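Chemist: Need the 3D shape of this:
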Amino acid sequence: MTPADLSRTVLHAVRRAVDEDVLRAPVPARVRVERTRPGGSGDYACAVALQLAGEAGLPALEVARILRERVAAEPGIGRVEVTGPGFLSFTLDAPADRDRAVLDAVRERGLAYGHGDALRGETLRLHHAREVRAAVTADAVRRLLTAQGARVRVGCEGAGAEAGAEDAWARLGVRPDAYGPGAPEDAVIRPVPAGAGGAELLARLGPDAARWGLLRPAAHDQAPLGPDLLVQGEANPLFRVRYAYARTRALTRNAAALGFTAEPEGALPAGPPAGQAPHGEPAPLAGRAPSAEPLAAGAEPPAHGGPELAPSVGTAPYGEPAPHAGPAPYGEPPARALLDLLADHPGVLLAAARHRAPDRVARQLEAVAHALFDFHDSCPPLPMGDEKPSAAHRSRLALAEAAGTVLAGGLSLLGISAPAHL
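Modeler: Numbers count the residues shown, from 1 in each chain. Prediction:
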């Protein structure tokens, strides 16, 4: 069960309680769940009982008990506790079940993982200035809102795109539905102006780097639109994100050449501790994007034994688990960090849509790429040398492929391509 699933489960419990006339309060549009803070109880916590208590005319503890009875038996929920003045604390089923649920959801939904219907039925109007950053931001916000079920119409001030820039706006993916003054009810998209026109940005950066440069900073920050956006190295966040995706595609191709495919169930993807290779030698930065040498045009990221992606060994020869393998699937910290990010992804997309903030998606993709490289370094998905493919390799590959799907889907929401080769 993902955080988004848990939020919907609690909201459904509220509706049931209201329908049964046990709870007399308006049903909220959404229920927010958060990871339990250090020292707290359970995996996630929710304050919905405190929010409903006043209008329900009941103590928050009583509201919490009503909701606990209706949530505790739901699939994926291990235990529900009432803590403090009326918080609901949730302990989910065993980590293996949660992990499998996340990976299954990514595999089933594909690029649409994280899309939902939280905004279904809402019709929203966006309006932006006749300026390229505002136009690109409005387009990205439209994509995010549409992915959550909303119907969106975008208007632009003036009689058309920037003077002489209609073709440039189209190449940047900007297609307003109407031009002219906005209405009072319109949500105005007004980021700090780019300081350059669309045609100039396309000429200097191309559409993908231009969109990333315009969307990555928060709307109130100046957008850096220099040549750093084109650098093929670790210092360029856009390159790291796209390189990470290309890396996952290369892993899949090379696994197929070795005769195996991804399989998350029942695997033990433990590897040596992060940064540690066999026999205590420091591990190379296997999954890192190269920091200086650019890739040749059309070159494929090495997927097996290449110099910048030579993974450390995490299993013993002939597919037997290494002596240090942990007892729980995806129990190594790098795997856990990556899985947590994938589980949180639907919530990030919904928050980005609600706050009209595509920069949140860009930061999420950077975090996923970083976690993927860490995971690859310590838990390589491909066997090395005479090592045979094992269940551990299949489960690691499943996690890497899921990360690649999330990266490609997030880039698509930003209007940026995800090439399988860089």
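Chemist: I figured H393 hits P381, correct?
Modeler: Yes. Counting by Cβ atoms under 8 Å, P381 is a contact partner of H393 at 5.8 Å. Just so you know, the C-beta spots here come from the backbone N, C-alpha and C atoms, and that holds for glycine as well.
Chemist: mind showing which ranges of the chain have poor pLDDT?
Modeler: 75, 94-95, 160-164, 265-329 (pLDDT under 70).
Chemist: where exactly do the strands run in the stretch 51-200 of the chain?
Modeler: Taking DSSP state E, counting those that start in this stretch as the criterion, the stretch 51-200 of the chain contains strands spanning 77-83, 87-92, 123-128, 151-156, 178-179, 187-189.
Chemist: So which residues make contact with the third one?
Modeler: Okay, so that is strand 123-128. If you take Cβ atoms under 8 Å, 6 or more residues apart in numbering as the criterion, strand 123-128 is touched by 134-135, 137-138, 141-142, 145, 150-157, 176, 182-183, 185-190, 356.
Chemist: Also the fifth one?
Modeler: By Cβ under 8 Å, 6+ apart, the surrounding residues in contact with strand 178-179 are R153, V154, G155, C156, E157, G158, A159, G160.
Chemist: Any of these buried? List them.
Modeler: With neighbours counted using 16 or more other Cβ atoms under 10 Å, these contain these buried positions: V154, G155, C156, E157.
Chemist: From those, pick the one nearest R360.
Modeler: In terms of Cβ to Cβ, no member of the buried ones among the contacts of strand 178-179 lies closer to R360 than V154, at 19.5 Å.
Chemist: List the residues that contact the closest one.
Modeler: With the criterion set at Cβ under 8 Å, 6+ apart, V154 makes contact with R125, L126, H127, H128, A138, D139, R142, P176, D177, A178.
Chemist: Only the buried subset of those, as a ChimeraX command please.
Modeler: Filtering the contacts of V154 down to the buried ones (16+ other Cβ under 10 Å) takes a single ChimeraX command:
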select :125,126,127,128,138,139,142,176
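Chemist: okay, the contacts of V154 in CSV with distance to R249 next?
Modeler: Putting these into CSV (distance: Cβ to Cβ, whole Å) gives the following:
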residue, distance to R249
R125, 38
L126, 34
H127, 39
H128, 35
A138, 31
D139, 26
R142, 28
P176, 34
D177, 35
A178, 39
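Chemist: is it fair to say R204 lies in a helix?
Modeler: Yes. With the criterion set as DSSP: H, G, I helix; E, B strand; the rest coil, the secondary structure at R204 is a helix.
Chemist: residues touching L399, list them.
Modeler: When contacts are counted by Cβ under 8 Å, 6+ apart, L399 touches L103, P264, P269, Y330, A335, L338, L339, F375, P381.
Chemist: Return the member of the contacts of V154 nearest to M1.
Modeler: So of those, ranked by how close each gets to M1 (Cβ to Cβ), first place is R142, at 29.9 Å.
Chemist: how far away is that closest one from R79?
Modeler: Remark: distance between R142 and R79 (Cβ to Cβ, to the nearest Å) = 41 Å.
Chemist: Endpoints of stretch 79-99, how far apart?
Modeler: Between the opening and closing residues of stretch 79-99 we find a distance of 17 Å, counting by Cα to Cα, to the nearest Å.
Chemist: and that stretch, how far from the chain's centre?
Modeler: 23 Å (Cα atoms, centre = their mean, to the nearest Å).
Chemist: Check what contacts it and list those residues.
Modeler: Outside of stretch 79-99, the residues within contact range by Cβ under 8 Å, 6+ apart are 1, 6, 10, 33, 36, 40-50, 53, 59-61, 63-65, 67-68, 71-72, 76-78, 264, 328-331, 339, 343.
Chemist: on that earlier part again, so which of H393 and P381 has more stuff around it?
Modeler: Neighbour tally, H393 and P381, criterion other Cβ atoms under 10 Å: the higher count belongs to P381, 30 against 27.
Chemist: Going by secondary structure, the more buried one is in what exactly?
Modeler: P381 belongs to no helix or strand when elements are defined using DSSP states H and E.
Chemist: and what of V241?
Modeler: Secondary structure assigned from DSSP H and E places V241 in helix 237-257.
Chemist: Tell me which helix or strand comes right after that helix.
Modeler: Going down the chain from helix 237-257, the next helix or strand is helix 333-354, by DSSP H and E.
Chemist: send the alpha carbons of the helix or strand just after that following helix over as PDB?
Modeler: Remark: after helix 333-354, the chain's next helix or strand is helix 358-378, criterion DSSP H and E. Presented in PDB, the C-alpha positions along helix 358-378 are these (Å, rounded to 0.1, in the frame of the first residue of the first chain):
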ATOM      1  CA  PRO A 358       6.200  21.700 -11.500                       C
ATOM      2  CA  ASP A 359       9.500  22.400  -9.800                       C
ATOM      3  CA  ARG A 360       8.500  19.800  -7.100                       C
ATOM      4  CA  VAL A 361       8.400  17.200  -9.800                       C
ATOM      5  CA  ALA A 362      11.900  18.100 -11.000                       C
ATOM      6  CA  ARG A 363      13.300  17.900  -7.500                       C
ATOM      7  CA  GLN A 364      11.600  14.500  -7.000                       C
ATOM      8  CA  LEU A 365      13.200  13.200 -10.200                       C
ATOM      9  CA  GLU A 366      16.600  14.400  -9.100                       C
ATOM     10  CA  ALA A 367      16.100  12.500  -5.800                       C
ATOM     11  CA  VAL A 368      15.100   9.300  -7.600                       C
ATOM     12  CA  ALA A 369      18.100   9.500  -9.900                       C
ATOM     13  CA  HIS A 370      20.500  10.000  -7.000                       C
ATOM     14  CA  ALA A 371      18.900   7.100  -5.100                       C
ATOM     15  CA  LEU A 372      19.000   4.900  -8.100                       C
ATOM     16  CA  PHE A 373      22.800   5.500  -8.500                       C
ATOM     17  CA  ASP A 374      23.300   4.700  -4.900                       C
ATOM     18  CA  PHE A 375      21.300   1.500  -5.200                       C
ATOM     19  CA  HIS A 376      23.200   0.400  -8.300                       C
ATOM     20  CA  ASP A 377      26.500   1.100  -6.700                       C
ATOM     21  CA  SER A 378      25.900  -1.200  -3.700                       C
END
